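Visitor: Sequence and computational prediction follow.
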2 protein chains.
Amino acid sequence: MHKVAEIIAIGSELLTPQRMDTNSLVVTESLNSLGVEVVTKQVVGDDRARLTDAIRTAVQRSDIVVLIGGLGPTEDDVTRDAAAAALGRKLVLSLEQESILIGKFRLINRQMAPNNLRQAYLVEGAEALPNPHGSAPGQFLSTDRGALAMLPGPPRELKPMVADELTPRLRPVIPPQVIKERTFRITGIGESDLDTLIAPVYTKYTNPTTTVLSSPGDLFVSLRAIAETEGRADGLLREVGNAIASLLGNRIYSEDPKETLDQVVGRLLRKNHATVATAESCTGGLIAARLTERGGSSDFFLAGYVAYTDAQKQEMLGVSGKLIEKHSAVSEPVAAAMAEGARGRSGASYALSSTGYAGPSGGTDHDPIGTVYLGIAGPGETRVLRIRYVPERERVRALSTQAALELLRRTLMKVSLSN
Amino acid sequence: MHKVAEIIAIGSELLTPQRMDTNSLVVTESLNSLGVEVVTKQVVGDDRARLTDAIRTAVQRSDIVVLIGGLGPTEDDVTRDAAAAALGRKLVLSLEQESILIGKFRLINRQMAPNNLRQAYLVEGAEALPNPHGSAPGQFLSTDRGALAMLPGPPRELKPMVADELTPRLRPVIPPQVIKERTFRITGIGESDLDTLIAPVYTKYTNPTTTVLSSPGDLFVSLRAIAETEGRADGLLREVGNAIASLLGNRIYSEDPKETLDQVVGRLLRKNHATVATAESCTGGLIAARLTERGGSSDFFLAGYVAYTDAQKQEMLGVSGKLIEKHSAVSEPVAAAMAEGARGRSGASYALSSTGYAGPSGGTDHDPIGTVYLGIAGPGETRVLRIRYVPERERVRALSTQAALELLRRTLMKVSLSN
């Protein structure tokens, strides 16, 4: 049976606009590695009644419940009390924990304030989890559905306790299962178009589950398979993943969830012993900035020109004034001339150009705000794409930067420039 | 009566070790500004049944419930369905929202995939919250205890909706009190140095409360006063704020919390009828991108050169090869020559330059990784600053971009270049 987990982080400071619970990421990673899915995370303040309710609900609906924080010595450390109340058990003073605590204070030559003794109380039936990095021990106990753990809030106490104490104790509670993931990164298509394309495949399967995530100009399709063996999980990912991959085709720029489009382009440029230059108007330097984002980009990046005015397009890139006059600076011929100018002047194998109306002002009837021409000049030929975006400056600039990188990727991969 | 709120972020990706819900911080800030405390936050996966349960519990125990995410067009966007089920209401197709959606797709000349129509369904009795930055509208409705809101997950859609739509609708639900804020934006000083400087003043007061927030190269000092009248709140802000401002002096670049450093620089350039060019090496186009971030930047931005190699520094900017040979490309004389070259070639009143070791490789004993020279050439003179950052590529690039803008601001303000 597939086991599910729930994490409750405790602390009023985690409910302010300034602070976040990050401990749950560490716990999630450990749970996932055991094949347990986290289905709910919560943050509850230092409020005994609310926390008791939350724990009571959690142990009823989830197999593994992990409580983080609220184990310290002060009045507002309510986790022990709330857990005991939720489970209908008592809190019991552990003489062993008491002597460990006294020993820790003796070691640093400090008088132990009486409130510290709270930390030596365990929920009836719980095992103490040693905490070599702090005073409060963790606790671990069996529940009707599985297990409940309490861990200290300071990350430097929590992390080793998860690795050394929690994970080994959870393993016997959990049937052996493996979670594996496969991710496709895609650009150049909208989220809903992507979903329309691949939903007919992925909705047929509940394992693997498929999630589509989007950030501007960047989509992730993530498949996640749960099985009893690695081989079986791989098989599920292969079956469904390959079907999705064949629908997406060349739109997939990476299968590595951490590899960004600029990294892919850098890798292809290096492989082809090719170099690149940029000639930017509406993107204002963003394409150059993306291409130089990683260390070692001087291997392939030669020169960037940000030619914002008509005069500078002539001066920096040698675009003819007549061409601009005839077609306007935002046009296919000017995008082509900018790319060719940057390629010629820098000596790069490829040059990317951008010219468009990012807004909020500008635009014509034919080319309203949001229209961008992206050019690429290469050893073979010069190509220009015309794209229309939602007319919102920041988005136009970010999306056309991403589209320019994609234009270079497709050129280097020798695949079609449009979908 | 004191009102309490609860936030539920929806999305299976937010339950993985890689992703976190950060939207709730934005919502918390808005709720706190209205005097409402957030008492529980949750993350629930794309699971209709679990989400329905969570919403049902939330509306019973909290006055304000805010749901974030899961409003998109795909199968796994379950928030609308779950909210309707939890409240025992129907989902109703809004013809108005349908026509808004169709209009949005028409604007970008794109065929609307049929699944998009899901986004036009509202929970019975809900008011749609306009979403100018995306396709899914938010929703707002009254509950027995107060209100329930549904907001889209992408931060660029959520943030304006919280400010423009949610906050004004919550205000009538909440008992009146005046909360006023005063913010100083500062760059060029570290967070702990700043705190050492101003803590002796602000720790004397509990109203206003003072918060120091930092993002790389950018600090906010925010004062927040709560009072029964506007006049009283203003008085508190004036007293404490003026004391802090006199300690910070010229380091304050704006008192408008939304005005960024590039906007301040743009305003000053316009006021002085001055123009600017850039000559970038280690920042790779980021300074130009920042200067052209806002509409109308062609008023003052002339030209950007990204000269990544030694050859391009000579070719594009006329830096002498001998100078580079003698001092190396990362040096004070080369930074000066780059700025002067960009100023000369573009005809701009000012030119900024950057050359440094962003890492991960490079650096010398004298100038280890993280060392950056920033130059400014102006009508009067050329100045170069040498700065050493923590050797971390992304940070070095971002911080030196910000420092270059600050260099221009101080030059335009005619104040000292160092603190």
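Guide: Yep, it's here.
Visitor: Run through the residues of the stretch 151-300 of chain A sitting next to chain B.
Guide: For the stretch 151-300 of chain A, the residues in contact with chain B (CB under 8 Å from any CB of the partner chain) are A:190-193, A:195-196, A:199, A:203, A:209, A:211-216, A:222, A:257, A:278, A:280, A:283-289, A:291-298. Every C-beta, even on glycine, is put in place using the N, C-alpha and C of the backbone.
Visitor: ok, which stretches of the stretch 201-350 of chain A are strands?
Guide: Assigned by DSSP state E, counting those that start in this stretch, the stretch 201-350 of chain A shows strands spanning A:209-215, A:218-227, A:252-254, A:276-280, A:301-307, A:350-356.
Visitor: so the first one versus strand A:218-227, what angle?
Guide: Between the axes of strand A:209-215 and strand A:218-227, defined by axes from the mean of the first three to the mean of the last three CA atoms, to 10 degrees, the angle is 160 degrees.
Visitor: could I have strand A:209-215 exported to CSV, CA atoms only?
Guide: In CSV, the C-alpha atoms belonging to strand A:209-215 read as follows (Å, rounded to 0.1, in the frame of the first residue of the first chain):
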residue,chain,number,x,y,z
THR,A,209,1.2,11.2,-12.4
THR,A,210,1.9,14.0,-14.8
THR,A,211,2.2,17.7,-13.8
VAL,A,212,2.6,20.7,-16.1
LEU,A,213,4.4,23.6,-14.5
SER,A,214,5.0,26.9,-16.2
SER,A,215,7.0,30.0,-15.6
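Visitor: Sheet partners, orientation included, of that strand?
Guide: Here strand A:209-215 is paired, per DSSP bridges, with strand A:218-227 (antiparallel).
Visitor: what is the mean pLDDT for the strand it pairs with?
Guide: For strand A:218-227, the mean pLDDT works out to 92.
Visitor: Ok, stretch A:303-319 next?
Guide: 95.
Visitor: residue ranges of the helices in chain A, please?
Guide: For chain A, the helices defined by DSSP state H occupy A:23-33, A:48-61, A:79-87, A:95-107, A:155-161, A:167-170, A:191-202, A:230-248, A:261-271, A:286-291, A:310-317, A:321-327, A:332-346, A:393-413.
Visitor: Can you say which of those is nearest to B:Arg106?
Guide: For B:Arg106, the closest of the helices of chain A is helix A:191-202, at 14.8 Å, according to CB to CB.
Visitor: other SSEs contacting the closest one?
Guide: If you count contacts as 3 or more CB pairs under 8 Å, 6 or more residues apart in numbering or on different chains; DSSP states H and E, helix A:191-202 packs onto strand A:209-215, strand A:218-227, helix A:230-248.
Visitor: Redo the strands of the stretch 201-350 of chain A as JSON lines? Include distance to A:Glu165 and mean neighbour count.
Guide: As requested, those are arranged in JSON lines below (distance: least, CB to CB, whole Å; neighbours: other CB atoms under 10 Å in any protein chain shown):
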{"stretch": "strand A:209-215", "distance to A:Glu165": "31", "mean neighbour count": "19"}
{"stretch": "strand A:218-227", "distance to A:Glu165": "25", "mean neighbour count": "20"}
{"stretch": "strand A:252-254", "distance to A:Glu165": "37", "mean neighbour count": "20"}
{"stretch": "strand A:276-280", "distance to A:Glu165": "51", "mean neighbour count": "32"}
{"stretch": "strand A:301-307", "distance to A:Glu165": "49", "mean neighbour count": "29"}
{"stretch": "strand A:350-356", "distance to A:Glu165": "53", "mean neighbour count": "30"}
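Visitor: can you list the ones you listed in CSV and add distance to B:Thr401?
Guide: Listed next are the strands of the stretch 201-350 of chain A as CSV, based on distance: least, CB to CB, whole Å:
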stretch, distance to B:Thr401
strand A:209-215, 22
strand A:218-227, 22
strand A:252-254, 27
strand A:276-280, 16
strand A:301-307, 14
strand A:350-356, 20
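Visitor: Ranking helices and strands of chain A by mean pLDDT, which lands last?
Guide: Least confident helix or strand, chain A: strand A:209-215 with a mean of 87, by mean pLDDT, DSSP states H and E.
Visitor: and that strand, how far out from the chain's middle?
Guide: In terms of CA atoms, centre = their mean, to the nearest Å, the centre of strand A:209-215 is found 11 Å from the chain centre.
Visitor: still on that earlier bit, apply the buried test to the residues of the stretch 151-300 of chain A next to chain B and list what passes.
Guide: A:190-193, A:195-196, A:199, A:209, A:211-214, A:222, A:278, A:280, A:283-289, A:291-294, A:297-298 (16 or more other CB atoms under 10 Å in any protein chain shown).
Visitor: Leaving out chain neighbours, which residue sits closest to A:His2?
Guide: Leaving aside its chain neighbours, A:His2 sits nearest to A:Ile226 (6.3 Å; criterion: CB to CB, 6 or more residues apart in numbering or on different chains).
Visitor: measure that neighbour to A:Gln177 for me?
Guide: From A:Ile226 across to A:Gln177, the span is 6 Å (CB to CB, to the nearest Å).
Visitor: shared neighbours of those two, which are they?
Guide: Both A:Ile226 and A:Gln177 are in contact with A:2, A:35, where contact means CB atoms under 8 Å, 6 or more residues apart in numbering or on different chains.
Visitor: Enumerate every residue touching A:Val384.
Guide: A:332, A:335-336, A:339, A:373-376.
Visitor: Same question for A:Lys204.
Guide: Neighbours of A:Lys204 in contact, by CB under 8 Å, 6+ apart: none.
Visitor: What pLDDT is listed against it?
Guide: 93.
Visitor: any idea how far chain B is from it?
Guide: In this view, A:Lys204 and chain B are 11 Å apart by CB to the nearest CB, to the nearest Å.
Visitor: out of the strands of the stretch 201-350 of chain A, nearest to B:Val66?
Guide: strand A:209-215 (21.3 Å).
Visitor: got the angle between the closest one and helix A:230-248?
Guide: Using the same axes, to 10 degrees: strand A:209-215 against helix A:230-248 is 50 degrees.
Visitor: how about low-confidence regions in the stretch 1-150 of chain A?
Guide: Where the stretch 1-150 of chain A drops to pLDDT under 70, the residues are A:1.
Visitor: Write out the residues of it neighbouring chain B.
Guide: A:14-18, A:20, A:22, A:25-26, A:28-29, A:32, A:37-45, A:47, A:50, A:54, A:57, A:61.
Visitor: Who are the contact partners of the residue nearest to A:His2?
Guide: A:2, A:35, A:37, A:177-179, A:207-208, A:233.
Visitor: if we go to 6 Å?
Guide: Residues in contact with A:Ile226 (CB atoms under 6 Å, 6 or more residues apart in numbering or on different chains) are A:177, A:179, A:207.
Visitor: Including distance to B:Arg397, neighbour count and pLDDT, could the residues you listed go into a markdown table?
Guide: Output for those, formatted as a markdown table (distance: CB to CB, whole Å; neighbours: other CB atoms under 10 Å in any protein chain shown; pLDDT from 0 to 100):
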| residue | distance to B:Arg397 | neighbour count | pLDDT |
| --- | --- | --- | --- |
| A:Gln177 | 43 | 18 | 78 |
| A:Ile179 | 36 | 17 | 82 |
| A:Asn207 | 43 | 14 | 92 |
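Visitor: how many neighbours does A:Glu96 have?
Guide: For A:Glu96, the count of nearby residues is 11 (other CB atoms under 10 Å in any protein chain shown).
Visitor: ok, the closest residue to A:Thr183 other than its chain neighbours to A:Val396 distance?
Guide: Using CB to CB, 6+ apart and skipping the chain neighbours, the partner closest in space to A:Thr183 is A:Pro257 (4.1 Å). When distance is defined by CB to CB, A:Pro257 is 27 Å away from A:Val396.
Visitor: Done for today, thanks.
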